[in-house]
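*Asks:* Just the structure for this:
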Amino acid sequence: MSESPAARRAALESRFPVWDRRTLGETLDRACTEFGGRPLVLTNQKTYTYSEVRLLSRRLAAGLVDCGFGAGDHIGIILGNYPEFAIVKFAIAYMGAVAVPINYLLRREELRYIIEQADLAALITMDLFRDRDYLADLDALAPGWETNRQSVFAKLRRIFVYSTTDSRRAGICSFESIFATGDVSTCIAIHKQDSICDPHQTSDIIYTSGTTGLPKGVILSHDMVLRTAYASAYTRAFEDGRRIIFASPMYHVLAYVECFIACMYVGGAIVPQVIFSAEDMLTAVERHRASEIISIPFMGLRLLEVARGRGFDSSSVLAVFNSAGVSPPTIWGEFRSVLGAAEVTTGYGMTETTASTACSLPEEDDRFLLETNGRLKQAGIAGDAALGGVLARYKAVDSETSDDLPWGTLGELLVQGPIVTKGYYKKPDETRYALQEDGWLHTGDLGTIDADGNVCLRGRLKEAYRCGGEMVMPREVEEILSKHPMVAEALVVGVPDKKMGEVGCACVIPAPNVEFKGDDLVDFCRQQLARFKVPLYILRINREDVFLTATGRPQKLRLREFAIKRLEDIRSSSTDLSSTM
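*Replies:* Here you go, the predicted model:
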């Protein structure tokens, strides 16, 4: 790639001189006029062009309309990263309905909660995925659901099943059967109605991962999704035809907005991985000539490990986008040396802000990767002129008094802008708690924002703990530990202590081929941290001990429970617990 990031942004601006508000369906229509014959979804089994995705989406939308569904209906999606996910998403947009993508890792009662709370009118679900049998869940939740659902789910009228295997259960409404019923011309006529072609209508209700309390449905509009997607292409400076590979689930905004929708602005394609396997993902990069790899820290470390072992043809790779956690400081250089990425970026955002609102620039110095989580995301013509062309602005406030804090001062981060959700579906109390009347949203994240717009996270407000009355931000300790060559990954939680109230427990995944010595890590922390921040306990753990959210973030509450149980087991076995205090 000879063009500079600035030149690529200029090319994007020349194609989109003004922000033309559209729906998702209209955006696909426009893309088809320019890129109809280009691939949009690439898999090992089949390639789907822009025009093919549009045709299949329209046929599916027409079939759903014939089944009695229409504008405003909430349609649930439980699908892995199959091409059909993309087809379903656009079908729902074409008919003016609302997509409710559901975390396919949720268990039976969690699924019941989403179906009921989201007021689903229809559900499109897989039958099997890894160890999950979704039809067995439905059998338990609503016996006889194939023909009678009204007695259990008041608003759910139909369930359609996408088969992930060659075997199909008799008596169900198959996903494929929907296509046979509809007339595409009917779908086109419906989509042209003014009430459906409103870009400010709700496009998605996306549920937060629910690591604390019950999940909340974040309300997003077509315009919010498209602005954020364009800004992703603009900030990361997409070249014409960018191909993005990812294993993050498409029911989350990272894969959905930052990858799938964003690539359409340059006639690009996605290479979605149904299951993360570093070997398979590297092979797919080579086979499909992917130019950008989307990573979260644990994936990135595994990709690097496997690439070093097997070798890797990096000739197609231009960029790596790595975010959603604490990364070892060496990882950024290794993305370049091992994966061949000339441009490495990171970002910060949340479902409530549609996707990332801060992103480092590919042309910036590496210190921004090491010291920040990106700067306020420039959006070009999609940005808010009143905010200086960005999608959102941040400020830090005192977590106890809510007073605004000076630039660079640690506090809770609040965000405001046109891509910030207007609330949680049917959750008025939670909405009032999170969203102020003036539009500022409480992120629950602790961090700083400086006068240049650089955002630096220090952890979650609810993850912080007090040791002897002093507030400790686990992320700060994790960043110190991650610099030690003995450490592949470190996660710090607060655990109960009779003397200090709470103390730190560092759960450490050792680097490969090292002799692990917890005392050395304690000494390392003592040299760089105040006494109250030094972990009292060092636990050696395995990667499978860490429960992750759908976006790859560690579930700290579950990790805390795991650590407390492990410490209790050690005590009961009469093993001495070394203390740093």
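*Asks:* and Ile114, what element?
*Replies:* helix 108-117 (DSSP states H and E).
*Asks:* can you give me the mean pLDDT across that helix?
*Replies:* For helix 108-117, the mean pLDDT works out to 90.
*Asks:* Could you do stretch 258-270 as well?
*Replies:* On average, the pLDDT along stretch 258-270 is 98.
*Asks:* what do you get for stretch 202-211?
*Replies:* According to the model, stretch 202-211 has a mean pLDDT of 81.
*Asks:* ok so, going back, what sits up against the helix holding Ile114?
*Replies:* 76, 78, 100, 102, 106, 120, 123, 134, 137, 140-141, 153-154, 156, 207, 210, 214-215, 217, 425-426 (C-beta atoms under 8 Å, 6 or more residues apart in numbering). Heads up, the C-betas are built off the backbone N, CA and C, glycines and all.
*Asks:* how about 7 Å then?
*Replies:* Residues outside helix 108-117 that contact it (C-beta atoms under 7 Å, 6 or more residues apart in numbering) are 76, 102, 106, 123, 137, 140-141, 153, 156, 207, 214-215, 217, 426.
*Asks:* check which helix or strand covers the nearest residue to Arg287 once chain neighbours are set aside.
*Replies:* Computed as C-beta to C-beta, 6 or more residues apart in numbering, the closest residue to Arg287 that is not its neighbour in sequence is Asn44, at 7.2 Å. Per DSSP H and E: Asn44 is located in neither a helix nor a strand.
*Asks:* Asn44 and Lys483: what is the separation?
*Replies:* Going from Asn44 to Lys483 by C-beta to C-beta, to the nearest Å gives 39 Å.
*Asks:* Then Glu363?
*Replies:* Taking C-beta to C-beta, one finds Glu363 at 26 Å from Lys483.
*Asks:* and what of Gln193?
*Replies:* Separation of Gln193 from Lys483 (C-beta to C-beta) stands at 58 Å.
*Asks:* same thing with Glu437?
*Replies:* Glu437 sits at a distance of 43 Å from Lys483 (criterion: C-beta to C-beta).
*Asks:* which of the two has more neighbours?
*Replies:* Taking neighbours as other C-beta atoms under 10 Å, Glu437 and Lys483 compare with Lys483 leading, 13 against 6.
*Asks:* returning to what we had before: can you give the distance of the helix holding Ile114 from its chain's centre?
*Replies:* 21 Å (C-alpha atoms, centre = their mean, to the nearest Å).
*Asks:* can you check stretch 459-478 too?
*Replies:* The answer for stretch 459-478 is 24 Å, by C-alpha atoms, centre = their mean.
*Asks:* i'd like the first residue to be 876 from this point on
*Replies:* With 876 as the first residue, the last one maps to stretch 1334-1353.
*Asks:* what does it contact?
*Replies:* For stretch 1334-1353, using C-beta under 7 Å, 6+ apart, the contacting residues are 1087, 1201, 1274, 1287, 1319-1321, 1332-1333, 1365-1369, 1375-1379, 1381, 1400, 1404, 1407-1408, 1410, 1431.
*Asks:* let's see it at 8 Å
*Replies:* 1087, 1201, 1274, 1285, 1287, 1319-1321, 1332-1333, 1365-1369, 1372, 1375-1379, 1381, 1400, 1404-1405, 1407-1410, 1431.
*Asks:* So how do I select the buried members of those residues in ChimeraX?
*Replies:* To isolate the buried ones among the contacts of stretch 1334-1353 in ChimeraX, judged by 16 or more other C-beta atoms under 10 Å, type:
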select :1201,1274,1285,1287,1319,1320,1321,1332,1333,1365,1366,1367,1368,1369,1372,1375,1377,1378,1379,1381,1400,1404,1407,1408,1409,1410,1431
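*Asks:* Okay, and which of the contacts of stretch 1334-1353 map to strands?
*Replies:* Among the contacts of stretch 1334-1353, DSSP state E puts 1287, 1319-1321, 1332-1333, 1365-1369, 1372, 1376-1379, 1381 in strands.
*Asks:* Pull the most distant pair out of the contacts of helix 983-992.
*Replies:* Maximum pairwise distance in the contacts of helix 983-992, criterion C-beta to C-beta, is 24.7 Å, between Ala1015 and Lys1301.
*Asks:* List phi and psi for Leu899.
*Replies:* In terms of degrees, to the nearest 10, the main-chain angles of Leu899 are phi -60, psi -40.
*Asks:* what's the answer for Val1272, then?
*Replies:* Residue torsions, per degrees, to the nearest 10, at Val1272 are phi -130, psi 160.
*Asks:* just checking, Gly1328 touches Val1265?
*Replies:* Yes: using C-beta atoms under 8 Å, Gly1328 is in contact with Val1265, at 7.4 Å.
*Asks:* can you list the weak-confidence ranges in the stretch 876-1025 of the chain?
*Replies:* Scanning the stretch 876-1025 of the chain for pLDDT under 70 picks out 876-877, 1023-1025.
*Asks:* again, 90 this time
*Replies:* Within the stretch 876-1025 of the chain, the ranges that satisfy pLDDT under 90 run 876-877, 896, 978, 980-985, 1005-1007, 1017-1025.
*Asks:* ok so, going back, among Gly1328 and Val1265, which residue is more densely surrounded?
*Replies:* Per other C-beta under 10 Å, whichever of Gly1328 and Val1265 has more neighbours is Val1265, with 25 against 18.
*Asks:* distance of the spatially closest residue to that one that is not a sequence neighbour from Met1348?
*Replies:* Using C-beta to C-beta, 6+ apart and skipping residues adjacent in sequence, the residue nearest Val1265 is Leu1251, 4.5 Å away. Separation of Leu1251 from Met1348 (C-beta to C-beta): 22 Å.
*Asks:* out of those two, which sits in the busier spot?
*Replies:* Applying other C-beta under 10 Å to Leu1251 and Met1348 shows that Leu1251 carries more neighbours, namely 25 against 21.
*Asks:* Can you pull the phi/psi pair for Glu1353?
*Replies:* phi -60, psi -40.
*Asks:* got it, and Ile967?
*Replies:* Dihedral angles (degrees, to the nearest 10) for Ile967: phi -60, psi -40.
*Asks:* Over to the one 4 residues further on?
*Replies:* Main-chain torsions, Gly971, degrees, to the nearest 10: phi 70, psi 20.
*Asks:* Sweet, I'm off.
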